[in-house]
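In: Provided below are the primary sequence and the corresponding predicted coordinates.
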Amino acid sequence: MEHNETETELRAIAEKLALALSEGGMQKTMARVMTALLFTQQKTMTAGDLCEELQISSGAVSGAVKQLILTNMIERVPAPGSRRDHYRFRENAWATLLGNQNAVFTIMMAAASEGLKIAELNSPAGHRLDEMQDFYSFMHRELTALIEAWRERYEESRMARLS
């Protein structure tokens, strides 16, 4: 497959994913920037590259990049000899993103715990809060173990594929 044809096909898949992500609630420009960095054949992209590729303003790229850095999906990387910021999709971004949910789980568990100190366990609120605390405690435990298991399996399978 020719280089330009490959790039065009990857861009089409990226746009399809960006549309699905935006329909699922992600801000559209953020989804497009994220998928551009995910599907590019380049090691890094500058804000200018993203503007050109996506045909959007530098302000739109800047806002999306800031949000994606905050969520740990992408990172700013040094580019010797360049005065421009370079960005790339972060290694282990998916595990990091899902792992960030543990912070939300912790907040939910703490809120349930505080509520249970006040509400009686056999009250309607107590029942709901007990279920909430149990659910988020379970998810926190299981997700942590699941992500660690995935990381180990991924490294093993990656090493096997490289050898």
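Out: Cool, the structure landed.
In: Rounded mean pLDDT for the helix ranked longest in the chain, please.
Out: Secondary structure of the chain per DSSP state H: the longest helix is helix 124-162. Helix 124-162 shows a mean pLDDT of 93.
In: and the residue located most distally from the centre of the chain, how far is that from residue 139?
Out: Taking C-alpha atoms, centre = their mean as the measure, the residue most remote from the mean C-alpha position of the chain is residue 122, 38.8 Å away. Separation of residue 122 from residue 139 (C-beta to C-beta, to the nearest Å) stands at 24 Å. (Each C-beta comes from the backbone N, C-alpha and C, glycine too.)
In: burial count for the spatially closest residue to residue 139 that is not a sequence neighbour?
Out: Leaving aside its chain neighbours, residue 139 sits nearest to residue 105 (5.5 Å; criterion: C-beta to C-beta, 6 or more residues apart in numbering). Residue 105 is flanked by 19 other residues according to other C-beta atoms under 10 Å.
In: Look at residue 69 and say how many residues are nearby.
Out: Count around residue 69 with other C-beta under 10 Å applied: 14.
In: Tell me which helix or strand it sits in.
Out: Following DSSP states H and E, one finds residue 69 within helix 58-70.
In: Need the contact partners of that helix.
Out: The list of residues contacting helix 58-70 from outside it, by C-beta atoms under 8 Å, 6 or more residues apart in numbering, reads 27, 29-30, 32-34, 37, 47-48, 50-51, 54, 74-76, 87.
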